[in-house]
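**Q** What follows is a protein structure lacking sequence information:
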(Lines give C-alpha, C1' and ligand atoms only; values in the text may rest on other atoms or scores of the structure.)
Protein backbone atom coordinates (compact mmCIF):
# COMPACT_ATOMS: atom_id res chain seq x y z
CA UNK A 1 0.00 0.00 0.00
CA UNK A 2 1.20 3.51 -0.50
CA UNK A 3 1.11 6.84 1.28
CA UNK A 4 -0.63 8.56 -1.64
CA UNK A 5 -3.56 6.15 -1.35
CA UNK A 6 -3.77 6.77 2.40
CA UNK A 7 -3.69 10.55 1.89
CA UNK A 8 -6.41 10.27 -0.76
CA UNK A 9 -8.68 8.24 1.54
CA UNK A 10 -8.11 10.70 4.40
CA UNK A 11 -8.69 13.75 2.19
CA UNK A 12 -11.86 12.39 0.59
CA UNK A 13 -13.39 10.88 3.74
CA UNK A 14 -12.17 13.37 6.35
CA UNK A 15 -11.10 10.42 8.51
CA UNK A 16 -7.52 9.94 9.67
CA UNK A 17 -5.79 6.59 9.24
CA UNK A 18 -3.47 5.21 11.92
CA UNK A 19 -1.72 1.93 12.68
CA UNK A 20 -4.02 -0.60 14.36
CA UNK A 21 -3.10 -2.00 17.74
CA UNK A 22 -2.08 -5.66 18.04
CA UNK A 23 -5.38 -6.64 19.67
CA UNK A 24 -7.22 -5.32 16.61
CA UNK A 25 -4.90 -7.22 14.29
CA UNK A 26 -5.53 -10.43 16.25
CA UNK A 27 -9.29 -9.85 15.90
CA UNK A 28 -8.96 -9.54 12.11
CA UNK A 29 -6.86 -12.68 11.97
CA UNK A 30 -9.49 -14.54 14.05
CA UNK A 31 -12.05 -13.55 11.39
CA UNK A 32 -9.77 -15.10 8.71
CA UNK A 33 -9.08 -11.78 7.01
CA UNK A 34 -6.71 -12.01 4.03
CA UNK A 35 -3.11 -11.05 4.62
CA UNK A 36 -3.26 -7.92 2.43
CA UNK A 37 -6.30 -6.61 4.33
CA UNK A 38 -4.57 -7.24 7.66
CA UNK A 39 -1.46 -5.46 6.30
CA UNK A 40 -3.57 -2.43 5.37
CA UNK A 41 -5.14 -2.21 8.83
CA UNK A 42 -1.76 -2.79 10.48
CA UNK A 43 -0.60 0.53 9.00
CA UNK A 44 -3.81 2.44 8.18
CA UNK A 45 -6.89 1.67 10.29
CA UNK A 46 -9.56 4.38 9.95
CA UNK A 47 -10.06 6.23 13.26
CA UNK A 48 -13.82 6.10 12.57
CA UNK A 49 -16.03 5.02 9.68
CA UNK A 50 -14.49 6.49 6.51
CA UNK A 51 -17.17 7.24 3.92
CA UNK A 52 -16.62 8.22 0.29
CA UNK A 53 -19.59 8.47 -2.07
CA UNK A 54 -21.76 6.37 0.26
CA UNK A 55 -19.23 3.52 0.48
CA UNK A 56 -17.74 2.87 3.91
CA UNK A 57 -14.40 1.61 5.15
CA UNK A 58 -14.77 0.50 8.76
CA UNK A 59 -12.42 0.57 11.73
CA UNK A 60 -11.61 -2.83 13.20
CA UNK A 61 -14.14 -2.62 16.04
CA UNK A 62 -16.94 -2.10 13.51
CA UNK A 63 -15.56 -4.81 11.20
CA UNK A 64 -15.73 -7.28 14.09
CA UNK A 65 -19.31 -6.22 14.88
CA UNK A 66 -20.33 -6.47 11.21
CA UNK A 67 -18.94 -9.99 10.93
CA UNK A 68 -20.26 -11.35 14.21
CA UNK A 69 -23.47 -9.49 15.08
CA UNK A 70 -24.94 -7.85 11.97
CA UNK A 71 -26.50 -8.98 8.68
CA UNK A 72 -25.13 -10.05 6.27
CA UNK A 73 -21.73 -10.54 7.96
CA UNK A 74 -22.90 -12.86 10.73
CA UNK A 75 -24.66 -15.06 8.17
CA UNK A 76 -22.02 -15.07 5.44
CA UNK A 77 -18.91 -15.39 7.61
CA UNK A 78 -19.53 -19.13 8.15
CA UNK A 79 -19.46 -19.48 4.34
CA UNK A 80 -15.97 -17.96 4.05
CA UNK A 81 -16.88 -14.29 3.46
CA UNK A 82 -15.95 -11.30 5.58
CA UNK A 83 -17.49 -7.84 5.45
CA UNK A 84 -15.15 -5.16 3.99
CA UNK A 85 -12.53 -7.65 2.86
CA UNK A 86 -11.99 -10.92 1.06
CA UNK A 87 -11.75 -14.45 2.29
CA UNK A 88 -8.18 -14.97 1.01
CA UNK A 89 -5.32 -12.92 -0.36
CA UNK A 90 -6.37 -13.49 -3.97
CA UNK A 91 -10.15 -13.64 -3.59
CA UNK A 92 -12.33 -10.84 -4.94
CA UNK A 93 -14.14 -8.29 -2.81
CA UNK A 94 -17.88 -8.80 -3.20
CA UNK A 95 -21.00 -6.80 -2.40
CA UNK A 96 -23.95 -8.51 -0.71
CA UNK A 97 -27.28 -6.92 0.17
CA UNK A 98 -28.44 -7.34 3.76
CA UNK A 99 -31.97 -7.50 2.31
CA UNK A 100 -31.18 -10.72 0.43
CA UNK A 101 -29.22 -12.65 3.09
CA UNK A 102 -30.75 -14.42 6.07
CA UNK A 103 -29.78 -16.90 8.74
CA UNK A 104 -31.04 -19.70 6.49
CA UNK A 105 -29.06 -18.60 3.41
CA UNK A 106 -27.10 -21.44 1.91
CA UNK A 107 -23.57 -21.17 0.62
CA UNK A 108 -24.89 -21.51 -2.95
CA UNK A 109 -27.35 -18.64 -2.42
CA UNK A 110 -24.63 -16.42 -0.97
CA UNK A 111 -22.33 -17.23 -3.89
CA UNK A 112 -25.05 -16.45 -6.44
CA UNK A 113 -25.83 -13.11 -4.77
CA UNK A 114 -22.20 -12.08 -4.30
CA UNK A 115 -21.40 -9.29 -6.77
CA UNK A 116 -17.70 -8.86 -7.49
CA UNK A 117 -16.70 -5.21 -7.06
CA UNK A 118 -12.91 -5.64 -7.02
CA UNK A 119 -10.51 -8.48 -7.82
CA UNK A 120 -8.63 -8.04 -4.51
CA UNK A 121 -8.54 -5.86 -1.39
CA UNK A 122 -5.94 -3.44 -2.76
CA UNK A 123 -8.11 -2.75 -5.83
CA UNK A 124 -11.11 -2.29 -3.50
CA UNK A 125 -9.12 0.37 -1.64
CA UNK A 126 -8.21 2.12 -4.89
CA UNK A 127 -11.85 2.23 -6.02
CA UNK A 128 -12.97 3.26 -2.54
CA UNK A 129 -10.39 6.05 -2.41
CA UNK A 130 -11.38 7.28 -5.87
CA UNK A 131 -15.09 7.21 -5.02
CA UNK A 132 -15.83 4.83 -7.90
CA UNK A 133 -16.78 1.70 -5.98
CA UNK A 134 -19.83 -0.13 -7.38
CA UNK A 135 -22.46 -0.03 -4.63
CA UNK A 136 -25.44 -1.67 -6.38
CA UNK A 137 -25.87 -5.23 -5.10
CA UNK A 138 -27.36 -8.20 -6.96
CA UNK A 139 -31.02 -8.42 -6.07
CA UNK A 140 -31.63 -11.47 -8.24
CA UNK A 141 -29.71 -14.66 -8.60
CA UNK A 142 -27.32 -14.70 -11.51
CA UNK A 143 -28.14 -17.09 -14.30
CA UNK A 144 -25.31 -19.48 -15.08
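**A** Great, that's in hand. Just so we're clear, the structure is a prediction, and the values are computed from it rather than from any experiment.
**Q** Tell me how far residue 115 lies from residue 77.
**A** 18 Å (CB to CB, to the nearest Å). Where you see a C-beta, it was placed from the backbone N, CA and C, and this is true even at glycine.
**Q** And residue 118, by the same measure?
**A** On the measure of CB to CB, residue 118 and residue 77 end up 19 Å apart.
**Q** repeat for residue 48
**A** Residue 48 sits at a distance of 23 Å from residue 77 (criterion: CB to CB).
**Q** More neighbours: the two, which one.
**A** Ranked by neighbour count (other CB atoms under 10 Å), residue 48 and residue 77 place residue 77 first, with 17 against 13.
**Q** For that one, which non-adjacent residue is spatially closest?
**A** In space, and not counting its chain neighbours, residue 77 is closest to residue 67: 5.0 Å by CB to CB, 6 or more residues apart in numbering.
**Q** That neighbour: what's it in contact with?
**A** For residue 67, the contact set (CB atoms under 8 Å, 6 or more residues apart in numbering) comprises 31, 73, 74, 77, 82, 83.
**Q** so how many other residues sit close to the second one?
**A** If you count neighbours by other CB under 10 Å, residue 73 ends up with 22.
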